[in-house]
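# structure here, sequence nowhere to be found:
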């Protein structure tokens, strides 16, 4: 089969390297279409995949999306694809609209977390739900990656098939095999030997909600706690000012973009993940694979991965007292840290890349 992978921006393509590699090994050909703001992963280009620059915008209301839609439709008409596999909301709206008049093409859409969900703002339901419901009729296979989305899509949408796959997959074996020099890493990051290390991973934006954990640390008032945040984004200045105002400059480190995430996970004692919205977080899965206990927000996706009081604690996103109490208990009780971490390491095997690829292969 001739397959086209579509995403809004090129950054996202990196998540699908194992998926595309599997399809190529099965004898298919795969091209890519996205806004190439950053370079396409070299590994994909080396495997012979062609990349087409389609200037999708992250905001669905940008006029440039109309130009991108027309360009994508020409690409589809000229290249005789059998399957289009689309990801991310904006690209997937325009891709399915472009495909609906080309009867030969089968459309697979992976929803990495609908913008409408239990507890979502009402405007999300008013804007995104009707669009997704309408476009589902032009979707041959709708893949969901968490149980809430799967249940809703099965009951309310009109896709040819609705399937569940447990995320994009992580290589649990590769993570476990990471060699880490803890002393050297602590020295590199400026962390004392006796510090208790809390880790969060995610873009510095409103959704990732790092602010709640920063305020929680101020409440805990324990100078042995060090908080590492891996990620970059528009709220960096705001978070730096908040950290300074609360007098936590020595304990909180904004590490920016990192390529040693697994090493930092191995160094850490606890993973904290306070997001308002997730589909099924790769960062959370990687932390679980490293055997970390977790305190995270009680939201869709997170509740698929973390069982309360078995792998950690589930707390409402803005509940600073709840985060403080949960983090405090894990700091005080070494037995909890060990049991939660062991439970998470066992649980995450279901989300391993091998399982995800086997299920994806069956769908194709």
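Cool, the structure landed. Please read all numbers here as calculations on a predicted model, not as lab measurements.

# what residues are up against residue 113?
Residue 113 makes contact with 145-146, 149, 277-280, 300-301, according to Cβ atoms under 8 Å, 6 or more residues apart in numbering. Where you see a C-beta, it was placed from the backbone N, CA and C, and this is true even at glycine.

# save those residues as a markdown table, and put in distance to residue 11 and neighbour count too.
Converted to a markdown table, the contacts of residue 113 look like this (distance: Cβ to Cβ, whole Å; neighbours: other Cβ atoms under 10 Å):
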| residue | distance to residue 11 | neighbour count |
| --- | --- | --- |
| 145 | 18 | 22 |
| 146 | 21 | 26 |
| 149 | 22 | 25 |
| 277 | 18 | 21 |
| 278 | 17 | 26 |
| 279 | 16 | 21 |
| 280 | 18 | 23 |
| 300 | 23 | 22 |
| 301 | 20 | 25 |
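
# name the residues of stretch 217-235 that are buried.
By neighbour count on 16 or more other Cβ atoms under 10 Å, the buried set for stretch 217-235 is 217-218, 220, 225-231, 233, 235.

# no no, stretch 121-133
Residues of stretch 121-133 classed as buried: 128-129, 131-133 (neighbour count, 16+ other Cβ under 10 Å).

# re the thing from before, need the max-distance pair from the buried residues of stretch 217-235.
Across those, the longest distance by Cβ to Cβ is 24.6 Å; it joins 220 and 233.

# by residue count, tell me the biggest helix in this structure.
In terms of residue count, the longest helix belonging to the chain (DSSP state H) is helix 64-79.

# which residues touch the helix or strand hosting residue 212?
Using DSSP states H and E, the element containing residue 212 is helix 210-220. For helix 210-220, the external contacting residues (Cβ under 8 Å, 6+ apart) are 198, 200, 202, 204, 225, 227, 229, 235, 239, 242-243, 246-248, 251-252, 272, 274, 317-318, 320-321, 323-324, 327-328.

# pLDDT score assigned to the residue nearest to residue 321 when sequence neighbours are not counted?
Spatial nearest neighbour of residue 321, excluding adjacent residues (Cβ to Cβ, 6 or more residues apart in numbering): residue 219 at 7.6 Å. Residue 219 carries a pLDDT value of 96.

# measure residue 219 to residue 109 for me?
Plainly put, residue 219 is 43 Å away from residue 109 if you go by Cβ to Cβ, to the nearest Å.

# can you give me the strands in the chain?
2-9, 29-35, 51-53, 83-87, 106-111, 141-144, 161-164, 196-201, 225-230, 252-256, 270-273, 294-297, 312-315 (DSSP state E).

# let's have those in CSV, adding distance to residue 346 and mean pLDDT.
Below are the strands of the chain laid out as CSV (distance: least, Cβ to Cβ, whole Å; pLDDT from 0 to 100):
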stretch, distance to residue 346, mean pLDDT
strand 2-9, 32, 97
strand 29-35, 34, 97
strand 51-53, 39, 97
strand 83-87, 29, 98
strand 106-111, 26, 98
strand 141-144, 24, 98
strand 161-164, 21, 98
strand 196-201, 20, 98
strand 225-230, 25, 98
strand 252-256, 29, 97
strand 270-273, 16, 98
strand 294-297, 14, 98
strand 312-315, 14, 98
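
# okay if I get those as a markdown table plus distance to residue 361?
Formatted as a markdown table, those follow (distance: least, Cβ to Cβ, whole Å):
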| stretch | distance to residue 361 |
| --- | --- |
| strand 2-9 | 13 |
| strand 29-35 | 14 |
| strand 51-53 | 24 |
| strand 83-87 | 13 |
| strand 106-111 | 13 |
| strand 141-144 | 13 |
| strand 161-164 | 12 |
| strand 196-201 | 29 |
| strand 225-230 | 32 |
| strand 252-256 | 37 |
| strand 270-273 | 30 |
| strand 294-297 | 30 |
| strand 312-315 | 32 |
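
# my guess is residue 41 contacts residue 14. True?
Yes: using Cβ atoms under 8 Å, residue 41 is in contact with residue 14, at 4.9 Å.

# more neighbours: the two, which one.
The neighbour comparison of residue 41 against residue 14 (other Cβ atoms under 10 Å) goes to residue 41, with 20 against 13.

# show me what contacts that one?
13-14, 17.

# just put these in a markdown table and tack on distance to residue 121.
Shown next, in a markdown table, are the contacts of residue 41 (distance: Cβ to Cβ, whole Å):
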| residue | distance to residue 121 |
| --- | --- |
| 13 | 29 |
| 14 | 30 |
| 17 | 34 |
